[in-house]
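Novice: Return a 3D structure for these sequence lines:
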Amino acid sequence: MSWIKRVLGRAPAPDADADLCCSFCGLHRRHVRKLVAGPRVFICDVCIDLCDQILDDEATKAGEVSRHAEALHSALIALGPRAPYARVRPMLRAAIELGRRHRPFLRRSMELAVGLDDLDSAVAALRAIAPADREPVDAIDLGGLLVDLGHPDEALAALATIEPPAPPDVLAILHALHAIEARLARGDLDPAALAALRGQVTDLGPAAEALADGALADGVRARRLSAMTLAALAAGSLDAAEQAARAHLAARRGSPVAHDRLARALDARGDHAGAATVRATGLALTHPEGVFAARLQPSAAARPFR
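Specialist: Modelled structure (predicted):
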């Protein structure tokens, strides 16, 4: 039994009468793709599409998110975190375009993209936020994403668009960590500059540990361990790099980033078999077409962080 019958009672079927027309536009059933029956009324697919467009236009004028954009988000969630990029990327980019005027929706688009390991789309979502609507967290998150994508100069430029929040605010810690990782990724640091960066990472430890427990605090602490690993590797302090990387992985067992950092530390020590095992485990956790899947491939051992 159809939902129409359950909710509205018995509805006449279009097939029962060859001369039925749409009750709204008058088109004959032969001139439309579908005629939907209600209680003594019929509506064609053309009028359904028109109604949908009218409702969407009214939502946009009222400053609300497009109904089509919300539908795209729902569809993306239903597809799951390992759906092929050929399907999800066009949907993500369409949602971003439809939600261009709505910062909360664009932030949700960014989070969806990160969940799919589609960092390019996540960056596009944050960049679509109108300058007047941007908040410090948007620039800080953009900087972190650009670091992960291997674009340190762009990351530093994004971070420079805001005044760093005052410590020990969580955003201040993230801002500093993203800037440190970006500078490490750029390379060409003299020993004094490298020592200064390592000192900054160490100095951020008490503030990171003092954050109230929660997902955000856990993420900040993990990011600090990532920066500690990279700084130690750059300085040739392999024991310190492995120690930080193992602490990172212990805190974030499901993180491909943590697996990538430990694999790099183990490769630097010459433990290529251990690194391969860590990479294989991390590879199973990430999207097969994503950034970290490429970094966790066996051939990634020969590539630099950048």
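
Novice: and whichever strand or helix holds G144, what's its mean pLDDT?
Specialist: Assigned by DSSP states H and E, G144 falls within helix 136-149. Averaging pLDDT along helix 136-149 gives 96.

Novice: what's the answer for stretch 284-292, then?
Specialist: 93.

Novice: buried stuff in it?
Specialist: Within stretch 284-292, the residues that count as buried by 16 or more other C-beta atoms under 10 Å are L285, T286, H287, E289, G290, V291, F292. The C-beta positions use only the backbone N, C-alpha and C, and glycine is treated the same way.

Novice: Can I get those in CSV including distance to A192 and secondary structure?
Specialist: Below are the buried residues of stretch 284-292 laid out as CSV (distance: C-beta to C-beta, whole Å; DSSP: H, G, I helix; E, B strand; the rest coil):
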residue, distance to A192, secondary structure
L285, 38, coil
T286, 36, coil
H287, 40, coil
E289, 41, coil
G290, 36, coil
V291, 32, helix
F292, 32, helix
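
Novice: Next, I43: secondary structure please.
Specialist: Three-state call for I43 (DSSP: H, G, I helix; E, B strand; the rest coil): strand.

Novice: what's around it, how many residues?
Specialist: 19 (other C-beta atoms under 10 Å).

Novice: isn't it right up against V32?
Specialist: No - with contact defined as C-beta atoms under 8 Å, I43 does not reach V32; the gap is 9.6 Å.

Novice: who touches both of these two?
Specialist: C22 (C-beta atoms under 8 Å, 6 or more residues apart in numbering).

Novice: just to revisit the earlier point, of the buried residues of stretch 284-292, closest to D188?
Specialist: Set against D188, the nearest of those by C-beta to C-beta is V291 (23.2 Å).

Novice: List the contacts of the closest one.
Specialist: Each residue near V291 by C-beta under 8 Å, 6+ apart is listed here: D117, L119, D148, L149, G150.

Novice: Would you reformat the residues you listed as JSON lines and include neighbour count and distance to R89?
Specialist: Output for those, formatted as JSON lines (neighbours: other C-beta atoms under 10 Å; distance: C-beta to C-beta, whole Å):
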{"residue": "D117", "neighbour count": "23", "distance to R89": "12"}
{"residue": "L119", "neighbour count": "21", "distance to R89": "12"}
{"residue": "D148", "neighbour count": "22", "distance to R89": "17"}
{"residue": "L149", "neighbour count": "15", "distance to R89": "15"}
{"residue": "G150", "neighbour count": "16", "distance to R89": "19"}
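
Novice: ok, those vs A179, which is closest?
Specialist: D148 (13.9 Å).

Novice: Show me the helices in the stretch 1-150 of the chain, by range?
Specialist: Secondary structure of the stretch 1-150 of the chain (DSSP state H, counting those that start in this stretch): helices at 3-8, 45-61, 67-79, 85-98, 103-115, 119-127, 136-149.

Novice: right, and the ones you listed - which one's nearest G187?
Specialist: Among those, helix 136-149 comes nearest to G187, with 13.3 Å by C-beta to C-beta.

Novice: Packing partners of that closest one?
Specialist: Contact partners of helix 136-149 among helices and strands, from 3 or more C-beta pairs under 8 Å, 6 or more residues apart in numbering; DSSP states H and E: helix 103-115, helix 119-127, helix 152-159, helix 170-186.

Novice: got a list of what the spatially most central residue of the chain touches?
Specialist: Centroid check for the chain by C-alpha atoms, centre = their mean gives V114 as the closest residue, at 1.9 Å. If you count contacts by C-beta under 8 Å, 6+ apart, V114 has them with A122, L145.

Novice: repeat that with 10 Å
Specialist: Going by C-beta atoms under 10 Å, 6 or more residues apart in numbering, V114 touches S121, A122, A125, D141, G144, L145, D148, G290.

Novice: which one of those residues is nearest E154?
Specialist: Nearest member of those to E154, counting by C-beta to C-beta, is L145, at 9.7 Å.

Novice: you'd agree that closest one is up against P152?
Specialist: No - in this structure L145 lies outside contact range of P152 using C-beta atoms under 10 Å: 11.9 Å.
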